[in-house]
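A.B. asks: Using only what follows, build the 3D model:
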Amino acid sequence: MINHEADLLPSTAELLIAGGDDRLTLDAGTGRSRYACRPTPDPDLVSLGSVTASHISPNANQAATALRDRCAHDLRSEPELVVYRRGLASARQRLLAYCGCDPQDSPMALLAPSGTDLFMLAVNLRQPQCTVLIDGAETGSGVPLALLGPRQGAPHHVAVRHADGSLRDAAEVDAEYAAIVNAAAQRGQRVLLVLTDISKTGLISPSIGSVLTLRARWPGLLDVMVDACQFRLDPSTLRTYLAHGFMLALTGSKFMTGPTFSGALLLPRAMAANTVDAYTDRANFGLLLRWEAALFEMERFAAVPQDVRLQCVNRFADAVRQGLAGHAAFTPLPVSAIDRSALGVATGWDHVQTVFPFTLRGAGGKLLNGDEARRLYLQLQLPAIGARRYQLGQPAAAAALRLCLSARMIADVHEGLRQDVAAEVPAALERIAQLIS
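C.D. replies: Predicted coordinates for the structure are as follows:
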């Protein structure tokens, strides 16, 4: 029997890597993207690298395929943009529902392929003459280029770690941000300050209190964009940021474990009045399917009670810290305690560390450099006799690999699909130690 609808759209796997950029292109040899992911489920791979990317789960893949089939069916009788825009509206509505936003005063949600695109949207919307953000080792690879707006030069970067991975003094970091913002504002320039919550190695920078102070000093000149692309935030925290008039950049592909290239920019209602959504002018069914997969995982996580979430994040943190302490080859990078007290939000699961960076020492105690850590990161994903395959966060600052908790792992515990959220951590660390010994 011929499936006529199959001709109207590519397959799910093809769409999941469509409508992005060359970072989604599959390597001819490995069949993986630059994020070391295939556009199909890989249930034998242990996913502990949600800070970078995760393979799509079998159930999320089914949800994406179901949406693809519905779109293909509707395309037989409706124009492409009508079908696409309806899917986009549904995705936005579900995202805002997850965030708990009041339908009467909801922020505007702009969906875009990647986190990089979100920064481009913000620059085009607010037209800053000066932009300041965390250094490139702690944010997305394409962000600095995206922030090259028409009215400014290169963005200002503020380092939060020394070259060896140790933390700079937090007060000095805040002072450096403030000096850049104050100097630009005193010249009458519009400033875009990017508050990163959470960075590639689990940091918030600059401190939220310092940002609120700067915003109070320069209310007419300073815009704040929260880089929450990791989406390691409780909806109550997210809504508080919006209430302060901050933009939020989110993705469905980190903590939520959807496929890479699923971004969203939330704009406070007052800021969204004259905003035009450029991403509705051309159909991008790849974006739709990636968000469908992310929303599937997000809605599973939404069903997990707060006490279960808190138990899971604490259990994972304890297991990783214990595991790293048990191997001389591993040195945890310092990560500051998550402090959002300036927002006045209740302490919950998102105040617990879920990204754990660590450096590695090989034979003779020599620290692995970036290239060596990258090779190990890829080797962990290859089949080996008698060993499982592991996906960690790819090397970041100081060539640190990263062990990460994800929403999918927590939802699996709640649904009885796994007994222990940290069950694979000891074996993953043993495998790494074996490979570098």
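A.B. asks: can you list the weak-confidence ranges in this structure?
C.D. replies: The chain contains residues with pLDDT under 70 at 1-7, 141-152, 273-274, 276-279.
A.B. asks: where exactly do the strands run in it?
C.D. replies: When assigned using DSSP state E, the strands of the chain occupy the ranges 45-48, 108-112, 130-134, 156-158, 191-197, 204-205, 222-227, 247-251, 263-267, 330-332, 355-360, 389-392, 401-404.
A.B. asks: shouldn't R34 be in contact with L26?
C.D. replies: No - contact status for R34 versus L26: not in contact, 9.4 Å apart, counting by C-beta atoms under 8 Å. In this view, the C-beta of every residue, glycine as well, is placed from N, C-alpha and C.
A.B. asks: can you list the domain ranges for this structure.
C.D. replies: 80-299, 302-436 (automatic domain parsing).
A.B. asks: Tell me which of the ones you listed sits nearest to P41.
C.D. replies: domain 80-299 (10.4 Å; C-beta to C-beta).
A.B. asks: Could you give the separation between the terminal residues of the closest one?
C.D. replies: 27 Å (C-alpha to C-alpha, to the nearest Å).
A.B. asks: Contact partners for S166?
C.D. replies: By C-beta atoms under 8 Å, 6 or more residues apart in numbering, S166 lies in contact with P334.
A.B. asks: how close does it get to R361?
C.D. replies: 16 Å (C-beta to C-beta, to the nearest Å).
A.B. asks: residues in contact with E299?
C.D. replies: 94, 98.
A.B. asks: for L45, same thing?
C.D. replies: Here L45 is in contact with 55, 381, 389-391 (C-beta under 8 Å, 6+ apart).
A.B. asks: Quick check: phi and psi at F246.
C.D. replies: phi -90, psi 140 (degrees, to the nearest 10).
A.B. asks: how far away is the residue lying closest to R300 once chain neighbours are set aside from E299?
C.D. replies: The spatially closest residue to R300, leaving aside those adjacent along the chain, is A411, at 4.0 Å (C-beta to C-beta, 6 or more residues apart in numbering). Here the criterion is C-beta to C-beta. By it, A411 lies 9 Å from E299.
A.B. asks: And A28, by the same measure?
C.D. replies: A28 is 36 Å from E299, by C-beta to C-beta.
A.B. asks: contacting residues around the residue most central in space within the chain?
C.D. replies: In the chain, the residue lying closest to the centroid (C-alpha atoms, centre = their mean) is Q230, at 2.8 Å. Contacts for Q230 (C-beta under 8 Å, 6+ apart) come out as 51, 198-199, 251, 254-255, 355.
A.B. asks: I'd like to know which of the residues you listed is nearest to E372.
C.D. replies: Nearest member of the contacts of Q230 to E372, counting by C-beta to C-beta, is V51, at 19.7 Å.
A.B. asks: A400 is in contact with the closest one, correct?
C.D. replies: No - if you go by C-beta under 8 Å, V51 and A400 don't touch, sitting 10.7 Å apart.
A.B. asks: can you pull the buried residues of stretch 423-437?
C.D. replies: Across stretch 423-437, burial judged by 16 or more other C-beta atoms under 10 Å covers 424-425, 428-429, 431-433, 435-436.
A.B. asks: Mind checking which of those land in helices?
C.D. replies: Members of the buried residues of stretch 423-437 lying in helices (criterion: DSSP state H): 425, 428-429, 431-433, 435-436.
A.B. asks: Return the distance of F330 relative to A427.
C.D. replies: Taken as C-beta to C-beta, the span from F330 to A427 is 14 Å.
A.B. asks: Same check on L403?
C.D. replies: 12 Å.
A.B. asks: Does G202 touch Q353 like I think?
C.D. replies: Yes - the criterion here is C-beta under 8 Å, and G202 meets it with Q353 at 5.8 Å.
A.B. asks: Overlap in contacts, the two.
C.D. replies: 335, 338.
A.B. asks: ok, the two, which is more surrounded?
C.D. replies: Set G202 next to Q353 and count neighbours by other C-beta atoms under 10 Å: G202 wins out with 23 against 19.
A.B. asks: those helices in the protein, which residues are they?
C.D. replies: Counting by DSSP H, the helices of the chain are 12-16, 58-74, 80-99, 115-126, 143-146, 170-186, 208-217, 235-243, 285-302, 306-325, 370-379, 407-414, 425-436.
A.B. asks: For L192, find the nearest of those helices.
C.D. replies: helix 115-126 (5.9 Å).
A.B. asks: Pull out the buried positions in the closest one.
C.D. replies: 115-123, 125-126.
A.B. asks: so L75 touches Y84, yeah?
C.D. replies: No - using C-beta under 8 Å, L75 is not in contact with Y84, being 9.4 Å away.
A.B. asks: more neighbours, these two?
C.D. replies: Using other C-beta under 10 Å, the more surrounded residue of L75 and Y84 is Y84, with 22 against 19.
A.B. asks: Now the more buried one: closest residue in space that isn't a chain neighbour?
C.D. replies: Per C-beta to C-beta, 6+ apart, closest to Y84 is A283, 3.8 Å.
A.B. asks: Ramachandran angles for the one you found?
C.D. replies: According to degrees, to the nearest 10, A283 has phi -70, psi 140.
A.B. asks: Could you tell me how far it is located from R315?
C.D. replies: Taken as C-beta to C-beta, the span from A283 to R315 is 43 Å.
A.B. asks: what does G362 give?
C.D. replies: G362 is 30 Å from R315, by C-beta to C-beta.
A.B. asks: Please apply the same query to T213.
C.D. replies: For T213, the distance to R315 - C-beta to C-beta - is 36 Å.
A.B. asks: and what of A112?
C.D. replies: The value you get for A112 to R315, if C-beta to C-beta is used, is 35 Å.
A.B. asks: cool, and L195?
C.D. replies: 29 Å.
A.B. asks: about what we covered before: would you turn the ones in helices among the buried residues of stretch 423-437 into JSON lines with distance to L367?
C.D. replies: Listed next are those as JSON lines, based on distance: C-beta to C-beta, whole Å:
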{"residue": "V425", "distance to L367": "22"}
{"residue": "A428", "distance to L367": "20"}
{"residue": "L429", "distance to L367": "17"}
{"residue": "R431", "distance to L367": "19"}
{"residue": "I432", "distance to L367": "14"}
{"residue": "A433", "distance to L367": "15"}
{"residue": "L435", "distance to L367": "15"}
{"residue": "I436", "distance to L367": "11"}
